[in-house]
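Enquirer: just to be clear, the model below is a prediction. Sequence and coordinates:
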Amino acid sequence: MAQSKHARRVLQQQASALLNEKIPQLDGDRRRILTALLVETAGNWRLFVRATPLDEQADAFLVGPDGIFAVTVAGAPPHGSSRHELVRRAEERCAGIRDGRGRVLAGSAVHFVLITPGPPVAVRDAGLFRVLAEPELAKLLKPAAPHLNRRQIEEISAQAERFFDGYVPLRVRVPERGGTTDGFLDAGSLVDAEVAAAQLRPFDSWLTFLHPHQRAVVTRDYRGPARISGPAGTGKTVVALHRLRHVARRTGGPLLFTTFVRTLPPVHEAAFRRLAPELGDRAEFLHLHAWVRRFLAGRGQAVEVDARGVRTAFGRAWMRHRAVLEPIERHDEYWRTELDRVIKGRGFTTLEEYRRPSVRRGREVRLGHEQKAAVWQFYETYQEMLAERGLHDHNDVIDLALAELRRQPLETRYAAVVVDEVQDITLNGLRLIKELGGTGPNQLLLVGDGQQQVYPGGWRLSDAGIPVQGRGEVLRVNYRNRAEVLAFAQRFDARNEVDDLDGAAGITLRHAEAGNTGGTTASWRGPERDLAAELTRRIAGLRDTLGQTALIVFQHQDLVRCRRILRAAGIPVLSLDDYSGAPDDHLKAGTVHRAKGLDFQAVLVVEFTGEPGERGAAAEEASDLRDRQRLVAATRARDFLWWGVVEDTFGAAG
Ligand SMILES: Nc1ncnc2c1ncn2[C@@H]1O[C@H](COP(=O)(O)OP(=O)(O)OP(=O)(O)O)[C@@H](O)[C@H]1O
């Protein structure tokens, strides 16, 4: 902390006198360490010290820009039931604290710290405690994830005086420092870069405050797999991350957070590290295919997917069967999806299985008995083509892993597995998840929203043998999008009904409650020749928040067209493929498939209208899918959304 020698001496005298006066009965180690802590907290932090130390109670609570810390002073952390009691009581004490928006403090937001007296010592089995030796005390106050502003710290502290019964609020003041700004944090105690980083993330208050329903889901005891659904931006992932920490505190063993979307795990890992820095090594954040590849390699079955080879195999199978399939539906993409999401995704091995009713949920082109036989032949040819070249596609890799897991389960089971964006996983992927997550109490949590499915081919969790009856939660308050952005996005769910991932009616975005006010939206429509000028003008207006802005398109070829414009205008761009959540000043750009699950302060969506006039069941299915994709794209924006529609691309869309 930036204090002059003189100021520090005065603070030390004040702190020592205050502790002597208010808590005369403290032992030597605690007195010394808590006096030092009081000196260090003279800026933004508030300190509450326990009047009578007890094993099962934290010695002090600290409230500051990084959240709430329960501090224990001892040579080793408490163990067994004492540890559980300490955690339970600290979490319970904080449970009554609320903010002005009706949110409640999350027990899982409390950080536990052990301060060991004297020089650093090795501490075994620290578990959920962050361990600091006495000389390292100042590190505790160095902001790592600042997300509470001065007003919030004061609000929490005022309430803590009521809830922290048995604790004495203590405060010393820096003598010569003048008043501080009304800004986000006290700039006097933070280096500029840290203040800037904190201000970039004003939405991070979820690290400490949750909606009461969100908090209930975090702490609920489930006797088997549970599911969280709800419209976009309602904090499903936020709840899953808090819950992961909550469960981790009560169990041992590794934790897994996985999803079908390749780009999400690093971003959520970064968020989790801010929420639960002490659990960093226990939690793995890996997309499902990466997990599968690592698992198979560990079992001596290293497999890679040769995407180009797989495409060639598909192309050849298509050439052989197109004469039969084209009259049913002319786009080969439709049939690729049929193989990927229905036949292989559901793990069919016989035509009879494929012919069963209701196995093509979400596919609008009806197929009769004979037509299914024709599709099955196409599938068999594709499989032969792969086999001839010794290739595996992504579904084969999932199948191999599923068979291997069933043959020999994991040696070390995960204490908890969270699956995010579960709606986009194939049915066989879900079966794999059931094997690796288990069905025991609080082990498996599935998080998703059917309305945001960007790949077709529906299932119900029960199809994968995952029972969630009575353990399904629905979140309704949208905290991500400001009200105007939310209203814009809601127009895209006019035709959508949604199920709760298990066959019952779900909640659509239309029925989400807005948790924020304000926001700005703008739209533009015009020919492609005008796009460059319009887009660069918009981006110039967002110069100060470029790093917090994303450009989203719907297809890869659209991205190529937009990137050409951005390159010519000299705008620095980071592909969403390479985005890890780390702050920088590049515009993020990618397709909606890569933007799923993420959010940005500002979002620019460019939609190319393409070839008009297609009709029929497949076109209807594609149009429903596009509406869902639009909904996903629009709900990525927190404060500002610009929607550009490029007309006259008939013939140029490619
Ligand atoms: N309790 C909360 N307090 C403040 N902000 C919150 C809270 N919960 C969620 N948010 C904000 O809403 C954003 C969206 O949360 P989250 O990503 O968990 O939603 P989601 O339901 O998983 O969304 P999607 O389905 O669209 O991916 C978060 O990044 C955060 O900014």
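Expert: Done, it's in.
Enquirer: right, and Arg93 touches Phe163 too?
Expert: Yes. Using Cβ atoms under 8 Å, Arg93 is in contact with Phe163, at 5.4 Å. C-beta coordinates here come from the backbone N, C-alpha and C atoms, glycine included.
Enquirer: those two: who's more crowded?
Expert: Set side by side, Arg93 and Phe163 show more neighbours around Arg93, with 24 against 17, by other Cβ atoms under 10 Å.
Enquirer: mean confidence score for the helix or strand in which the more buried one is found?
Expert: Using DSSP states H and E, Arg93 maps to helix 80-94. In this model, helix 80-94 has an average pLDDT of 91.
Enquirer: which parts of the stretch 151-300 of the chain sit against the ligand?
Expert: Contacts of the stretch 151-300 of the chain with the ligand, taken as Cβ under 6 Å from any ligand atom, map to 203, 205-206, 209-211, 214, 230, 232-238.
Enquirer: hmm, I was thinking of the chain
Expert: 103, 203, 205-206, 209-211, 214, 230, 232-238, 449, 452, 479-480, 597, 599, 635.
Enquirer: isn't there a helix covering Leu241?
Expert: Yes. Leu241: assigned to a helix according to DSSP: H, G, I helix; E, B strand; the rest coil.
Enquirer: pull the number of nearby residues for it.
Expert: 26.
Enquirer: tell me the contacts of the nearest residue to it once chain neighbours are set aside?
Expert: In this structure, Leu241 finds its nearest non-sequential neighbour in Phe272, 5.2 Å apart by Cβ to Cβ, 6 or more residues apart in numbering. Residues near Phe272 by Cβ atoms under 8 Å, 6 or more residues apart in numbering: Leu241, Leu244, Arg245, Phe257, Leu279, Ala283, Phe285.
Enquirer: now do the SS call for Phe272.
Expert: Assigned with three-state DSSP, Phe272 falls in the helix class.
Enquirer: and the residue of the stretch 301-450 of the chain closest to the ligand?
Expert: Residue nearest to the ligand within the stretch 301-450 of the chain: Asp449 (5.0 Å; Cβ to the nearest ligand atom).
Enquirer: before we move on, what about the stretch 251-400 of the chain?
Expert: Counting by Cβ to the nearest ligand atom, the stretch 251-400 of the chain gets nearest the ligand through Ala271, at 7.9 Å.
Enquirer: pretty sure that residue sits against Gly581.
Expert: Yes. Ala271 is in contact with Gly581 according to Cβ under 8 Å; the separation is 6.9 Å.
Enquirer: need the contact partners of stretch 287-300.
Expert: 256, 258-262, 264-265, 284, 286, 302-305, 394, 397-398, 400-401, 404-405, 408, 425, 429, 432-433, 436.
Enquirer: need the buried ones from the residues of the chain next to the ligand selected in ChimeraX.
Expert: A single ChimeraX command selects the buried members of those (16 or more other Cβ atoms under 10 Å):
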select :103,205,206,209,210,211,214,230,232,233,234,235,236,237,238,449,452,479,480,597,599,635
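Enquirer: mind checking which of the residues of the chain next to the ligand are in strands?
Expert: Phe209, Leu210 (DSSP state E).
Enquirer: flag the shaky bits of the chain, pLDDT-wise.
Expert: 1-3, 175-203, 454-457, 494-496, 610-615, 648-654 (pLDDT under 70).
Enquirer: domains in it, by residue range?
Expert: The chain breaks down into these domains under automatic domain parsing: 5-201, 211-301+407-477, 307-391, 519-647.
Enquirer: could you single out the most deeply buried of these?
Expert: domain 211-301+407-477 (a mean of 20; mean count of other Cβ atoms under 10 Å).
Enquirer: where does Leu427 fall, phi/psi-wise?
Expert: Main-chain dihedrals, Leu427, degrees, to the nearest 10: phi -60, psi -40.
Enquirer: who's in contact with it?
Expert: Gly345, Arg346, Gly347, Trp459, Asp463, Ala464.
Enquirer: how about JSON lines for those, with secondary structure added?
Expert: Listed next are the contacts of Leu427 as JSON lines, based on three-state DSSP:
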{"residue": "Gly345", "secondary structure": "coil"}
{"residue": "Arg346", "secondary structure": "coil"}
{"residue": "Gly347", "secondary structure": "coil"}
{"residue": "Trp459", "secondary structure": "coil"}
{"residue": "Asp463", "secondary structure": "helix"}
{"residue": "Ala464", "secondary structure": "helix"}
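Enquirer: nearest to Leu641, out of those residues: which one, please.
Expert: Trp459 (31.6 Å; Cβ to Cβ).
Enquirer: is the closest one in contact with Gly429, as I believe?
Expert: No. The pair Trp459 / Gly429 is not scored as a contact, 9.8 Å apart, by Cβ under 8 Å.
Enquirer: so what touches the longest strand anywhere in the chain?
Expert: Using DSSP E to define each element, the chain has its longest strand at strand 637-647. Applying Cβ under 8 Å, 6+ apart, the external contacts of strand 637-647 come out as 203, 480-482, 485, 488-489, 518-528, 531, 534-535, 538, 542, 599-609, 634.
Enquirer: ditto for stretch 486-499
Expert: 232-233, 449-451, 458, 460, 478, 481, 505-510, 512, 514, 516, 519, 521, 624, 627-628, 630-631, 634-635, 641, 643.
Enquirer: and the strands in the stretch 101-250 of the chain?
Expert: Counting by DSSP state E, counting those that start in this stretch, residue ranges of the strands within the stretch 101-250 of the chain are 104-105, 110-116, 129-133, 167-170, 209-210, 226-229.
Enquirer: for Glu154, find the nearest of the ones you listed.
Expert: strand 167-170 (11.9 Å).
Enquirer: other residues contacting the closest one?
Expert: Contacts for strand 167-170 (Cβ under 8 Å, 6+ apart): 15, 18-19, 22-23, 38, 46-51, 60-61, 157, 160-161.
Enquirer: that strand pairs with which strands, and in what direction?
Expert: strand 46-50 (antiparallel) (DSSP bridges).
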